[in-house]
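K.L.:
just need the structure, nothing else, for what follows:
(one chain, ligands or ions: 1)
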Amino acid sequence: MHQEPVRHEAVETLEGWYVWHDFRRIDWVRWKEAPVATRTAATAALISFHRENLEHRARRQGSYAAFAVAGSEADLLFLHLRPTIQELNDLKFQLAKTPFADYTFPVYSYISVVELSAYLAKPGVDPMADPYVVSRLQPALPDMQYVCFYPMSKRRQGSDNWYMLPMEERRRLMKSHGQIGRQYAGKVVQMISGSVGLDDWEWGVTLFADDPLHFKKLVYEMRFDEASARYADFGPFYVGVRQSEHDLRRLLACT
Ligand code: VOV
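P.N.:
Numbering: from 1, shown residues only. As a prediction, the model looks like this:
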């Protein structure tokens, strides 16, 4: 007897602002060798880029924050959110043309779009009429001191295949996932951005906290939850400290 292949329904998703995680390393050898006047001009160019992006954020036409990345993989993370990919590209070329960019090179980049899935949505309610939903899709990045970023995918391996699970089972798993996350309310703010078709992994996970230990505890606890334990694969992890204008000047100062 012929058997139809099982095809499960994709969950509906809502998309918000596009996100660019721009990880850069500073070319410290050339930076230290550069004449003071060149360093001063390059620093001023970075600060004006930083200010412009903060103004954009204040006008709610996007969001932005700069971080100093811990460890040797990168020095800086510029985190940009904009309504379109075109605007993210404009930012890319704007930065590339500054004298500051001449002393940096990109070491990791991630393109995604802020996403909410409808697993736990109330039926019959228009989510876009809910100001809370809209504020999650077009988020003002929280003013927390630390950021943690990593890309991830849902596993498709043998019997552990997220995409072969029926909707009800995925909904059950996401409910349990959300219950763990909610225990970190006030400690960790999460921004989940979808990247299927946009970048190498399926989601970008960006977490904000005032204490980096909250990242460790949350991510560890989630490893024991079925949605992560059975169905999640992870890319590289980055952690960074938020930078004010003053912090950026201090980071770049050589005396
Ligand atoms: C602060 C913690 C926190 C909270 C409260 C939270 C809650 C929720 C809810 C309620 C929902 C479902 C609806 C929606 O909003 O989409 C999600 C969705 C999602 N999550 Fe989450 N998550 C958190 C945190 C959190 C973390 C730390 C991770 C990384 C997993 C880990 O093991 O490292 C993660 C991943 C995701 C993903 C990839 C999705 C999309 C899955 C999909 O198939 O669509 N998430 N998440």
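K.L.:
which element is the closest residue to the ligand within the stretch 51-200 of the chain on?
P.N.:
With CB to the nearest ligand atom as the measure, residue 181 is the residue of the stretch 51-200 of the chain nearest to the ligand, at 2.2 Å. Placement of C-beta: from N, CA and C, glycine included. Assigned by DSSP states H and E, residue 181 belongs to helix 167-182.
K.L.:
that helix - contacts with which helices or strands?
P.N.:
helix 212-223, helix 226-229 (3 or more CB pairs under 8 Å, 6 or more residues apart in numbering; DSSP states H and E).
K.L.:
what are the buried residues along it?
P.N.:
170, 173, 177 (16 or more other CB atoms under 10 Å).
K.L.:
mind putting those residues in JSON lines, pLDDT and distance to the ligand included?
P.N.:
Formatted as JSON lines, the buried residues of helix 167-182 follow (pLDDT from 0 to 100; distance: CB to the nearest ligand atom, whole Å):
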{"residue": "170", "pLDDT": "97", "distance to the ligand": "7"}
{"residue": "173", "pLDDT": "98", "distance to the ligand": "9"}
{"residue": "177", "pLDDT": "97", "distance to the ligand": "6"}
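K.L.:
how about those residues in JSON lines, adding distance to residue 221?
P.N.:
Below are the buried residues of helix 167-182 laid out as JSON lines (distance: CB to CB, whole Å):
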{"residue": "170", "distance to residue 221": "20"}
{"residue": "173", "distance to residue 221": "15"}
{"residue": "177", "distance to residue 221": "11"}
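K.L.:
and of these, the nearest to residue 201?
P.N.:
residue 177 (17.4 Å; CB to CB).
K.L.:
can you pull the contacts of the closest one?
P.N.:
Under the criterion of CB atoms under 8 Å, 6 or more residues apart in numbering, the contact list for residue 177 reads 222, 225, 227, 228.
K.L.:
restrict these to those near the ligand?
P.N.:
222, 228 (CB under 6 Å from any ligand atom).
K.L.:
give me phi/psi at residue 121?
P.N.:
phi -70, psi 150 (degrees, to the nearest 10).
K.L.:
hmm, residue 130 and it touching each other?
P.N.:
No - counting by CB atoms under 8 Å, residue 130 is not a contact partner of residue 121; they are 9.8 Å apart.
K.L.:
so how far is residue 84 from residue 42?
P.N.:
From residue 42 over to residue 84 the distance is 29 Å, taken as CB to CB, to the nearest Å.
K.L.:
quick one, which of those two is more surrounded?
P.N.:
residue 42 (20 against 11; other CB atoms under 10 Å).
K.L.:
which residues sit in contact with that one?
P.N.:
By CB under 8 Å, 6+ apart, the contact set of residue 42 is 34, 98, 99, 100, 102, 103, 252.
K.L.:
let's see 10 Å
P.N.:
Listed by CB atoms under 10 Å, 6 or more residues apart in numbering, the contact set of residue 42 reads 31, 34, 98, 99, 100, 101, 102, 103, 104, 252.
K.L.:
what's the answer for residue 208, then?
P.N.:
Each residue near residue 208 by CB under 10 Å, 6+ apart is listed here: 65, 79, 139, 141-148, 187-191, 214-215, 242.
K.L.:
at 7 Å instead, please
P.N.:
141, 142, 144, 146, 147, 188, 189 (CB atoms under 7 Å, 6 or more residues apart in numbering).
K.L.:
spell out which parts of this protein neighbour the ligand.
P.N.:
Residues of the chain lying near the ligand (CB under 6 Å from any ligand atom): 11, 116-117, 119-120, 152, 174, 177-178, 181-182, 184, 188, 190, 192, 203, 205, 218-219, 222-223, 228, 232.
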